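1. Pasting a predicted model and its sequence here:
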Amino acid sequence: MNHRARACQVTMFSIALMGSTILAGVPEVAFAKPKRIPIPVEAPTPAPAATPAPAAGPAPVAPVVVPQAPIQSIVVEGAQRLEPDTVLSYIKMRVGDLYSEAVADQALKDLYATELFTDVQVRNDAGRVVITVKENPVINRIILEGNKHLKEDKINPEIKLAPRQIFTRSKVRADVSRIIELYKRQGRFAATVEPKMVLLDQNRVDIVFEISEGPKSKVRQINILGNHAFSESKLRGEMMTKQTSALRFFKGGTAYDPDKMAYDQQKLRQFYLTNGYADFRVVSAVAELTPDKKDFIITYVVEEGKRYKFGDVKVESQLRDFDGDTLAKNLPMKKGMWYNAKMVEDTIDKLNETAGVFGYAFADARPDYDRDPKNLTMGITFQIAEAPRVYVERIDVNGNTLTQDKVVRREFRLAEGDAFNSLQVKRSTNRIKSLGYFQEKFEVKQTPGSARDRIVLEANVEEKPTGELQLSAGYSSLESFIFQASVQQRNFRGRGQTVGLSGSISRYSKSVEVSFTEPYLFDKNVALGVDIYRRDYNNFNYLNSDRNTIYSQATTGFQVRLGLPLTEYMSLVGRYTLNFDNVSLDQAQFYTNGACDPLLAGRYLCDAEGKRTSSILGASLVYDNLDNRVHPSRGRTASAGVDFAGLGGSVKYVRFRANGAQYWPIGKGFIFSIQGEGGIIKSLKKRYDATGNEIEGVLLTDRFYLGEPQIRGFDIRGVGPRVVRKPLQADSNGAYHLGDVITDKNYWSDDAIGGRFYYMGRAELEIPLGSGAKELGIRPSIFLDAGAVWGVKHPELTSSTLPIPYTIADPVTGQQVPAYTQVNADGTTSTVANAISSVDHTTANTPQIKVQPYQEFFYGDTAKPRVSIGVGFNWNSPFGPFRIDFAKALVHAKGDDTKTFTFNVGTQF
């Protein structure tokens, strides 16, 4: 008797393996592409048994009953990887049992239930039962195709099949379901997965999942039914999920996500409870997929209920130090105000935090509600149960593989044995996070101690890399191309020390600096920092729209800093700086007879030239409670400092500076900030020019300057005192007269000379664009800048109504004489001396002019504020940080240089 599985059997696959023989003289052999066989993933459905129709005619003959014979032996054939005894262990049939059709069918079902076999046959030869099996193939490898938006490292964890496992269709079906579910969570509901197999030799197969990802399903429309107090647009604005529109490219949030839909229901409930609707509920929420599987239509049915007001608000405290009546007077909610569930939650947190400040770490404030549906009031009694005052039993630091324990422990604002204080725990958390050595979501864990009044504080940290190697190249509208390189270790040897080396070079500056900072000198709360640097800077002006270097300043020096904390947020910083400066002018451009010529350079530049030494002693008082020093959103910072130059050296002055900033989060991602600073410098040494006249005591290189980037809307050093040299316009007779200047600014020479006083302020509002723009790192803002620099002595101006020629050495006398251009016989030109030389210059042409007739003007020395407004965009682009500012100068003084557009971009590699 031969039995086969019926409709529930797994189809047996076979393939003819085609061999190829490489023949001599045949240049190319074509191999057949492996055939892929689709794998059915629908669950098999047994075919219903046919019910035979009653036959007409004589009564049916009774069936012949075959006598049941005992099983004498059971033989397994066709098994390759499995032992025959293993196959027999899966069935209930045993030698000596009576053989029957039912027994054979049960054996088939048991073997197919193992999912180890492709085909099974049972045959009975006079008591000798033969079970012939064909084993399922072994998986050789798993292949993914068509997955572009989800990489293999995201899909592979969802696939339970693996190489060297037995292939079963049920496992393939489960893996297909998990992959499709993964794509649904990504908003791709049109995704399909078609599994296929490639038959190999030795009963092996490759499993190929051919994936068609399809488009990302969007939310086409959000309908809200049952709302009366608030419009649909208002309620949609409270949701995370947004409707698709052309303007939502940057804001995002239009992809359908079931988890977001559940979250939006909570957001709706929270919104209504915040506005007094204590009985609000979402009756139903349905998401319907459009026939093309591209979009969803979401419909919410809500029931608003009545609006409640606060009734009597009380506090009942069983803590010894807390008086309920006193606490109730300071609560934010008052009787008659609209009920606000968020205010209740915040009050609970505030009461628990206040109790924690007094050492009650396990205090628990609970609200008891007294709802009055008739008068629509909600009375609340805050119950504060009795709790012991808690002390810190132990502080544990775990997970620090590199950082020494003391680096973490010294940031705790509590010590073992101290009374517990929740504010100090929170401050300790922020201080450890601000180190930048550990994970972003760090929290100090609080666990019960050995007694009810003991608590253990645990700092469970996860180390992250603190070394930084950065190479960058960029373009700046100020300095053209910029190249920078730096290496820094912020946790040197796990001691919390910072060491760094940096350098930069651009068209107008170059620098190199070595720095070291020890935040806890000799394990005391005193910070020490040392910087050694060399900075070369070229100052420039504009002539004919081109930048021209007018003087170079080379500074070599070092600075030593000591910081001493006075309070938790305030510290005193002392510093000593020693600089060696060398200011030089372009001799070919500004020298005559080996000396600086005021007619060429101006007296203010001639006075600045030379070498000097600055020995500066300074101190600053600093306050800082910002929540994040890189991108702050809350808190303030302020500092005031004084520097005294004159402790030796050739430069003597005293300088005062102060600055401050305040940041406020104003809801929904908006951040508003105001910043201000100012300074004054006074010379302690009089200076005189070559003629004995007293001149400005503060050197050109020590003065204050303003412009881009401090005040946007103005060019670099575009605000404040300046000397403008304007060429004169010749009259019809070729003569020049003072006052007759060329009005085209492209021909002017504009030199900023700085001032002794300055102030500036800025108000800025950072605007959120939504999750899409946030992921791209785009942060736009609108701003208003204002400021001024002034207070320099009126410089001695020069003018000339005659051209100033170039001079060369006369070949006979050796004296410097005006130079002419001579046309040679061959048509070339050469420079020769003037008529007093022995050179024959009968063919000489016009003299070479070094400086046209000109007149100098002094502008910008006023405390009148310059004001600009504009918009800016910060973008952390794939090419590096990118900043664009569009600004308009609303108020400016005569002589100021305005500028509308600036940008800065760099790339890191």
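-> Yes, it's here.

2. Give me the pLDDT for Leu469.
-> pLDDT for Leu469: 74.

3. That one: how many residues sit nearby?
-> 9 (other CB atoms under 10 Å). (C-beta placed from N, C-alpha, C; glycine too.)

4. hang on, it packs against Val487?
-> Yes. Applying CB atoms under 8 Å, one finds Leu469 in contact with Val487, separated by 5.1 Å.

5. Run through the residues that contact Ile297.
-> The contact partners of Ile297, by CB atoms under 8 Å, 6 or more residues apart in numbering, come to Val219, Arg220, Gln221, Asn223, Ala287, Glu288, Thr290.

6. Pairing partners for the lengthiest strand in the chain, with directions?
-> Of all segments of type strand in the chain, defined using DSSP state E, the longest is strand 546-565. Sheet pairing of strand 546-565 (DSSP bridges) gives strand 527-543 (antiparallel), strand 570-585 (antiparallel).

7. Lowest average pLDDT across these?
-> Of all the strands paired with strand 546-565, mean pLDDT reaches its minimum on strand 527-543 (a mean of 80).

8. Which residues does that one contact?
-> With CB under 8 Å, 6+ apart, strand 527-543 has contacts from 508-521, 547-564, 747-751, 897.

9. Is it possible to mark the buried ones in these?
-> 508, 510-511, 513, 515, 517-520, 550-551, 553-555, 557, 559, 561, 563, 747-751, 897 (16 or more other CB atoms under 10 Å).

10. For the stretch 601-750 of the chain, give me the ranges with low pLDDT.
-> For the stretch 601-750 of the chain, applying pLDDT under 70 flags the ranges 602-604, 630, 690.

11. what are the ranges of the strands in it?
-> Remark: strands assigned in the stretch 601-750 of the chain by DSSP state E, counting those that start in this stretch are 610-624, 635-649, 653-665, 671-683, 687-688, 694-695, 722-727, 749-752.

12. Nearest to Val583, out of those?
-> Relative to Val583, the nearest member of the strands of the stretch 601-750 of the chain by CB to CB is strand 610-624, separated by 6.2 Å.

13. what lines up beside the closest one in the sheet?
-> Going by DSSP bridges, the partners of strand 610-624 are strand 570-585 (antiparallel), strand 635-649 (antiparallel).

14. then it to PDB, C-alphas only?
-> Extracted in PDB, the C-alpha atoms of strand 610-624 (Å, rounded to 0.1, in the frame of the first residue of the first chain):
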ATOM      1  CA  GLY A 610      58.000  99.300  14.600                       C
ATOM      2  CA  LYS A 611      58.800  96.600  17.100                       C
ATOM      3  CA  ARG A 612      57.300  96.500  20.600                       C
ATOM      4  CA  THR A 613      56.800  94.300  23.700                       C
ATOM      5  CA  SER A 614      53.500  93.900  25.600                       C
ATOM      6  CA  SER A 615      53.500  92.600  29.100                       C
ATOM      7  CA  ILE A 616      49.900  92.300  30.200                       C
ATOM      8  CA  LEU A 617      48.400  91.300  33.500                       C
ATOM      9  CA  GLY A 618      44.600  90.700  33.500                       C
ATOM     10  CA  ALA A 619      41.700  89.300  35.500                       C
ATOM     11  CA  SER A 620      38.000  88.500  34.700                       C
ATOM     12  CA  LEU A 621      34.900  87.700  36.700                       C
ATOM     13  CA  VAL A 622      32.900  85.100  34.800                       C
ATOM     14  CA  TYR A 623      29.300  83.900  35.400                       C
ATOM     15  CA  ASP A 624      27.900  81.000  33.400                       C
END
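
15. Let's see the pLDDT reported for Phe209.
-> Listed pLDDT for Phe209 reads 93.

16. so which strand or helix has Phe882?
-> Assessed by DSSP states H and E, Phe882 sits inside strand 880-891.

17. I meant Asp206, not that one.
-> Here Asp206, judged by DSSP H and E, is contained in strand 204-212.

18. Check Lys350 too.
-> Taking DSSP H and E as the definition, Lys350 sits inside helix 341-357.
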